[in-house]
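Asks: got a structure for you, letters missing:
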């Protein structure tokens, strides 16, 4: 065995060990389960995307760059959105900005290397002249993926809160009108209901009140934390009722009716938009299919007679 063969086998063994190490690291990251700690001490599972879990150990390498004043707006915006989406304590705004930078660098490099390898193995493929465009497209996709994921997580959490809020207000209204004070009704509701996003926020608000924070401040903190229009409306009405000394029961009933009315208006708007949204698929797929089914045999017979 000559020196070239030794070098070749050594290179193959090195690449094999590298691939095995990457596979082992990805397997451990895929098995990892992440949790957030709620205000009452319970832990609730919050699953981050696999690509985030793979990149998080490398985030501290960018701390010096991310902590520059030019990134302060991005860090604050990411922090507020992550808190509203329910990932407080699990992912910070600094880490989120770092992930937006790391994703196109790391995964984009793998994407470009894969494109070059496919282009080398098959120069006659469709990728031959479009490698540059596909590489740029991959970098853009990896950059916007964290933003898309965060917006989707925030939308799902807000939708869950919007769905649960009228029923919670009805239960609080019945409890308050039956003679219970607001805090007792709130704690009873949190104990009896399942642990959903709204219940998590109500538990946190009640804990803040128990440790001595004034109720109006706790309500304002919840409204700012969740950043949802319906919840802000409810909290502002409760704050005004607390300041003016008005009964909370009628306020809760009015807010519940208004939220239900907004839900019906939103559902009616979506129903009215459905025919317009269906027009595109109808024109692109259904009409050509009908055209082919009806005129296909006629065109076939015509072509047979011509040729």
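Replies: Good, I have the coordinates. These numbers come from a predicted model, not from an experiment.
Asks: tell me where the protein has helices.
Replies: When assigned using DSSP state H, the helices of the chain occupy the ranges 3-31, 50-55, 63-66, 72-84, 93-121, 131-177, 182-192, 197-210, 215-226, 229-244, 248-281, 287-306.
Asks: which stretches of this protein have low pLDDT?
Replies: For the chain, the stretches flagged by pLDDT under 70 are 1-9, 122-129, 287-292, 294-296, 303, 306-307.
Asks: spatially central residue in it, please.
Replies: Closest residue to the average C-alpha location of the chain: residue 153 at 2.1 Å, with C-alpha atoms, centre = their mean.
Asks: which of the helices of the chain sits closest to residue 42?
Replies: Each of these was checked against residue 42 via C-beta to C-beta, and the shortest separation belongs to helix 197-210, namely 8.7 Å. C-betas here are computed from N, CA, C, even on glycine.
Asks: counting neighbours, what do you get for the residue nearest to the residue nearest to the centre of the chain when sequence neighbours are not counted?
Replies: Excluding the flanking residues, the one nearest residue 153 by C-beta to C-beta, 6 or more residues apart in numbering is residue 85, at 4.4 Å. Residue neighbour count, defined by other C-beta atoms under 10 Å, stands at 23 for residue 85.
Asks: cool, and residue 262?
Replies: Neighbour count for residue 262, taken as other C-beta under 10 Å: 15.
Asks: got the contact list for it?
Replies: By C-beta atoms under 8 Å, 6 or more residues apart in numbering, the contact set of residue 262 is residue 230.
Asks: residue 255 versus that one, what's the distance?
Replies: Taking C-beta to C-beta, to the nearest Å as the measure, residue 262 and residue 255 are separated by 11 Å.
Asks: picking up where we left off before, does the residue nearest to residue 153 touch residue 150 like I think?
Replies: Yes - under the criterion of C-beta atoms under 8 Å, residue 85 makes contact with residue 150 at 6.3 Å.
Asks: which of the helices of the chain sits closest to residue 39?
Replies: Comparing the helices of the chain by their distance to residue 39 (C-beta to C-beta), the top pick is helix 197-210, with 3.9 Å.
Asks: how far off centre is the closest one?
Replies: In terms of C-alpha atoms, centre = their mean, to the nearest Å, the centre of helix 197-210 is set 22 Å apart from its chain centre.
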